[in-house]
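In: fold the following and give me the result.
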Amino acid sequence: MRKFVCLLLVFAACPAYAGVRADLREGGKFYEDKKYGQALSKYNEALAKDPKSESAYFGAGAAAYYLKDYRTAEKAFESAAQQEKSLAQDALFNLGNAYYRAGDSQQAIQAFRQAIVKDPKDKEAIHNLQLILQQQQNQQNQNDQNQQNQDQNSSNQAQQNQDGKGLAQDNQNQQNPSDPQDQMNKDDANRVMQMARENEYKKPTQAGAAQGSTVEKDW
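Out: Purely as a prediction, here's the structure:
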């Protein structure tokens, strides 16, 4: 978190701001002591008394950020930025960080861009914006590569399946040839069965007979 000031601001000597001033001072002391929970409570007390206090919103956002309560930090920094006062640009920068920590990269990009519009020389905002954009590009490249690999794997699998089907069909054709010249007709089959029945035991065929036609079975 950058650019957090203790917010020990000079307020007009008006009773309406006396309590706000005290809360901001106490909140600033707690913040400096890294007692962020107590600091947040004090800033909220200040906001209860002055709902338009830019300093209280900014302080609340900073305390919530260090408590890793990024959603609360976002709301506080948004409110601080909306005041369009002296802390608006810093609030936008810190808002970008809060969005990023919460996992909202697109919102972070928008916040950093707004911060840069207000201060084109803000090197930190420019750096963070470039970092997020580069991360998104790297992620997109990785996604594209993964999709390409997935498509290639699917294509290879489809080809393997097609080859498997073709091989299975070839085997089926070999086992059950559809060509009439390669099939035994019904009469031939009947003659073979008759020959088998005429002999108790069929010995292996003599040399020169077709392979696979050996019969060693009692009928």
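In: from here on, just use CA atoms for contacts and neighbour counts.
Out: Fine.
In: and the residue nearest to Asn97 when sequence neighbours are not counted, how many residues sit next to it?
Out: Nearest non-adjacent residue to Asn97, counting by C-alpha to C-alpha, 6 or more residues apart in numbering: Ala108, 6.6 Å away. Per other C-alpha atoms under 10 Å, the neighbour tally for Ala108 reads 25.
In: from what I can see Ala108 touches Tyr100, true?
Out: Yes. Using C-alpha atoms under 8 Å, Ala108 is in contact with Tyr100, at 5.4 Å.
In: what do the two both touch?
Out: Residues touching both Ala108 and Tyr100 by C-alpha atoms under 8 Å, 6 or more residues apart in numbering: none at all.
In: re earlier: quick check: phi and psi at the residue nearest to Asn97.
Out: For Ala108, the backbone dihedrals (degrees, to the nearest 10) come out as phi -60, psi -40.
In: mind listing the helices for the protein?
Out: Along the chain, counting by DSSP state H, helices occupy 15-32, 36-49, 54-66, 70-82, 88-101, 105-118, 123-175, 186-198.
In: could you dump those helices to JSON lines with mean pLDDT?
Out: Listed next are the helices of the chain as JSON lines, based on pLDDT from 0 to 100:
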{"stretch": "helix 15-32", "mean pLDDT": "87"}
{"stretch": "helix 36-49", "mean pLDDT": "96"}
{"stretch": "helix 54-66", "mean pLDDT": "95"}
{"stretch": "helix 70-82", "mean pLDDT": "96"}
{"stretch": "helix 88-101", "mean pLDDT": "95"}
{"stretch": "helix 105-118", "mean pLDDT": "96"}
{"stretch": "helix 123-175", "mean pLDDT": "80"}
{"stretch": "helix 186-198", "mean pLDDT": "47"}
